[in-house]
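In: Starting from these lines, generate the structure:
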Amino acid sequence: MGKRRVCIDKSSYTFWLFAILLTALGTTLQVLNLRSNLIDLFAFRQTQTAIGVREFMDGNWSLATPFTTLGPPWQMAYEFPLFQGIAASVGTIFGLSVDLSARITGLGSFLIAGLLLAVLIRRWFGTLAALLSLGLFQFMPFGFQWASSSLIEFTAVTCVLGAVLAIDTNQRKFSWGMVLVAAILLALGSAVKGTTTVAWAIVFLIAGSGLLWRKRPELRSVLVTVFALISGLAVGLVWTAYADLTKQENPVAKNLTSERLYQWTYGTFEQRMNLDQWDRIVERLPSLGASLWIFVLLLVIALWKLRLEPRLIALASVPVLAILIFFNLYVVHSYYLSAVYPAYVAVLGVSVSAISGLVPKQRISLLIAGALSALLLFLSWTSPEGRSLASLVGVDGKIPEISQVIAISTPSDAGVIVTGCDWDPTPLYYANRRGLTIPSWFSEKVPTAWVGTDLKFLVFCDDTYSIVAGDPATVLPTGSLYKEVSPGVYQIFGPDVVTRILNWSVVP
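Out: Below you'll find the model as predicted:
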């Protein structure tokens, strides 16, 4: 009786070996440069997310995300709090600080997203393209900056990439289980960040239908894919409607409903005709892996080599679809590019693989792939945006001065009004206080019912997070009492107080 021969898929072995090594190296570099706090690019958004994490860790679990810096009722469904829930669980189980829990959760989402991307690209374009995509994903300046941020971006990306893989698996071998998994993951991604799901819609449809120029897709695959996509997007819309209802409960937060933010989200036609607005997006692209012109050139070559492969076209559609639809968001917030980052580096990785494949000798082909990838990394890190991000690597921000003053000058259970720093929650977050950060778009006085009850102190802030002089009369309702208890910090009572307190001032 002869020996049984065991067949080993060398390609699969090579892929997973290098995928794990790349991920381990990326993780090591991220951990070595992990910042100790959230004073970073877009600290306002990072601390805004971390507020929910802290509230969950304190036991204040709520589907309507705890949001403690826009006044009572101290919650506002902004995004589905999946990231916050995971981060709070991580922090509670391992006894970590809120900041560290949020950063580790962000990093975990980033690493999982990278592996899911690599698996998808390997299925579609082979091992070399997958490993090149994963390497670029891990080590480009953009990824290095935002991988460990306290943001929901890569959690949404992970859900959507998981959904794409599930529906692609279903297309290869039909399974209602895979359809259900795809629909659930897409629903989660939509509730966490609906803009991300919309950006990847064409990729999802192509993956589920199995569309190739030389092969007609099965009707059943097309129908279940469309069903899963519509179901996922519908859940996102339902969550948005629910979130709008919670915002209506707060006279400040009601300005954040989807109806009032329509222009903020989508931008205007005139804005799209302004080349300066486009420049603000285009100048960030090198940090994702390549300038716009290099990206287009590599894509054209790859499309020629791969005979207009629909799946590559779908990947290239992600940044196009996202930016064209949600234009203003991408002009204002650079971190929104997290949604398109995996597709962007995947196109680069597939393109480099396709170009190297023009050379028949394998060793030379691999050398060309390595050289081109190294060149992309070099150009990315030496671009203006890349150098800007490089200067932040390993640099810890400083806890705001105003937070320290508030923490010293107010009781731990006192609500604090902060005005002058827009609706940036950073001052109150690091003071560990609830309160009201008055937004620039809120021109009314603080609601009378809140003054002296939920809100008992007032400080004036500037854009350096410092306390400055201010006039309480510009903020408080008529008849409110106030007294300066430390430089720039005012204790306040509402106009319903009958007894006038000696040496206290009254808002005229």
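In: which stretches of the chain have low pLDDT?
Out: 1-10, 213-214, 498-502 (pLDDT under 70).
In: can you list the domains in it?
Out: 10-390, 401-506 (automatic domain parsing).
In: Could I get the buried residue list for stretch 412-420?
Out: Using 16 or more other C-beta atoms under 10 Å as the test for burial, stretch 412-420 gives 414-420. In this view, the C-beta of every residue, glycine as well, is placed from N, C-alpha and C.
In: which ones among these are found in helices?
Out: Using DSSP state H, no member of the buried residues of stretch 412-420 sits in helices.
In: Let me know the closest of those to residue 332.
Out: Within the buried residues of stretch 412-420, proximity to residue 332 (C-beta to C-beta) peaks at residue 420, which comes in at 20.5 Å.
In: and stretch 452-463, how far from the chain's centre?
Out: 29 Å (C-alpha atoms, centre = their mean, to the nearest Å).
In: can you redo the buried residues of stretch 412-420 as TSV with distance to residue 449?
Out: Putting these into TSV (distance: C-beta to C-beta, whole Å) gives the following:
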residue	distance to residue 449
414	16
415	12
416	17
417	14
418	19
419	18
420	23
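In: ok, back up a step: please identify the deepest-packed of the domains of the chain.
Out: domain 10-390 (a mean of 20; mean count of other C-beta atoms under 10 Å).
In: mind checking which helix or strand the closest residue to residue 74 other than its chain neighbours is in?
Out: Nearest-residue entry for residue 74: residue 68, 4.9 Å, with adjacent residues in sequence omitted and distances by C-beta to C-beta, 6 or more residues apart in numbering. Using DSSP states H and E, residue 68 maps to neither a helix nor a strand.
In: from here on, count from 42
Out: With the count now opening at 42, the last piece we talked about shows up as residue 109.
In: Residue 444 - nearest residue in space that isn't next to it in sequence?
Out: Using C-beta to C-beta, 6+ apart, the closest residue to residue 444 is residue 471 (3.6 Å).
In: check which helix or strand covers the one you found.
Out: Assigned by DSSP H and E, residue 471 falls in helix 467-472.
In: Any chance you could give me that helix in CSV, C-alpha atoms only?
Out: Listed next in CSV are the C-alpha coordinates belonging to helix 467-472 (Å, rounded to 0.1, in the frame of the first residue of the first chain):
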residue,chain,number,x,y,z
THR,A,467,-12.1,68.1,23.5
PRO,A,468,-12.0,70.6,26.4
LEU,A,469,-14.8,68.9,28.3
TYR,A,470,-13.6,65.4,27.4
TYR,A,471,-10.3,65.9,29.1
ALA,A,472,-11.9,67.7,32.0
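In: Does anything pack onto it? Which helices or strands?
Out: Judged by 3 or more C-beta pairs under 8 Å, 6 or more residues apart in numbering; DSSP states H and E, helix 467-472 is in contact with helix 84-98, helix 442-450, strand 457-460, strand 476-479.
In: What is the subsequent helix or strand relative to the last one?
Out: Same thing as strand 476-479. Where DSSP H and E defines the elements, the next helix or strand beyond strand 476-479 is strand 498-501.
In: Parallel or antiparallel, which strands does that following strand pair with?
Out: strand 457-460 (parallel), strand 530-534 (antiparallel) (DSSP bridges).
In: sorry, back to before: would you turn the helices and strands packed on helix 467-472 into a markdown table with distance to residue 545?
Out: Below are these laid out as a markdown table (distance: least, C-beta to C-beta, whole Å):
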| stretch | distance to residue 545 |
| --- | --- |
| helix 84-98 | 32 |
| helix 442-450 | 17 |
| strand 457-460 | 17 |
| strand 476-479 | 21 |
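In: Which of the ones you listed sits closest to residue 249?
Out: Comparing those under C-beta to C-beta, the one sitting nearest is helix 84-98, at 31.1 Å.
In: thinking again about what came up before, tabulate the strands paired with strand 498-501 in a markdown table, adding columns for distance to residue 168.
Out: A markdown table is the format used below for the strands paired with strand 498-501 (distance: least, C-beta to C-beta, whole Å):
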| stretch | distance to residue 168 |
| --- | --- |
| strand 457-460 | 53 |
| strand 530-534 | 61 |
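In: returning to what we had before: looking at the helices and strands packed on helix 467-472, which is closest to residue 412?
Out: Across the helices and strands packed on helix 467-472, closest to residue 412 is helix 84-98 (C-beta to C-beta), at 36.7 Å.
In: re the thing from before, show me the contact partners of the helix holding residue 471.
Out: 78-80, 84-85, 88, 91-92, 95, 109-110, 440-441, 443-445, 447-448, 451, 457, 459, 462, 475-476, 478, 500, 502, 506 (C-beta atoms under 8 Å, 6 or more residues apart in numbering).
In: Next: stretch 156-165.
Out: For stretch 156-165, contacts defined as C-beta under 8 Å, 6+ apart pick out 56, 60, 64, 170-172, 174-175, 178, 199, 202-203, 205-206, 209, 248, 352, 383, 386-387, 390-391.
In: if I read this right, residue 352 contacts residue 247, doesn't it?
Out: Yes - shown here, residue 352 and residue 247 form a contact pair, counting by C-beta atoms under 8 Å, at 5.6 Å.
In: Give me the most central residue, this structure.
Out: Relative to the mean C-alpha position of the chain, the nearest C-alpha, by C-alpha atoms, centre = their mean, is the one of residue 194, at 2.3 Å.
In: residues in contact with that residue?
Out: Contacts for residue 194 (C-beta under 8 Å, 6+ apart) come out as 187, 234, 237, 376-377, 379-380.
In: now swap in residue 245 and tell me
Out: By C-beta under 8 Å, 6+ apart, the residues touching residue 245 are 201, 204-205, 208, 223, 227, 266, 269-270.
In: Between the residues you listed, which sits nearest residue 287?
Out: Distances from residue 287 to those, taken by C-beta to C-beta, are shortest for residue 227, at 23.2 Å.
In: Look up the closest residue to that closest one, ignoring the ones flanking it.
Out: residue 273 is the one closest to residue 227 (C-beta to C-beta, 6+ apart), at 2.9 Å.
In: Check which helix or strand that neighbour maps to.
Out: If you go by DSSP H and E, residue 273 is part of helix 260-288.
In: Dump the helix or strand just after that helix to CSV, restricted to CA.
Out: Per DSSP H and E, the first helix or strand lying C-terminal to helix 260-288 is helix 303-307. What follows is helix 303-307, C-alpha atoms only, in CSV (Å, rounded to 0.1, in the frame of the first residue of the first chain):
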residue,chain,number,x,y,z
TYR,A,303,-28.0,68.1,3.4
GLN,A,304,-25.8,70.8,1.8
TRP,A,305,-23.0,70.1,4.3
THR,A,306,-23.1,66.4,3.3
TYR,A,307,-23.4,66.7,-0.5
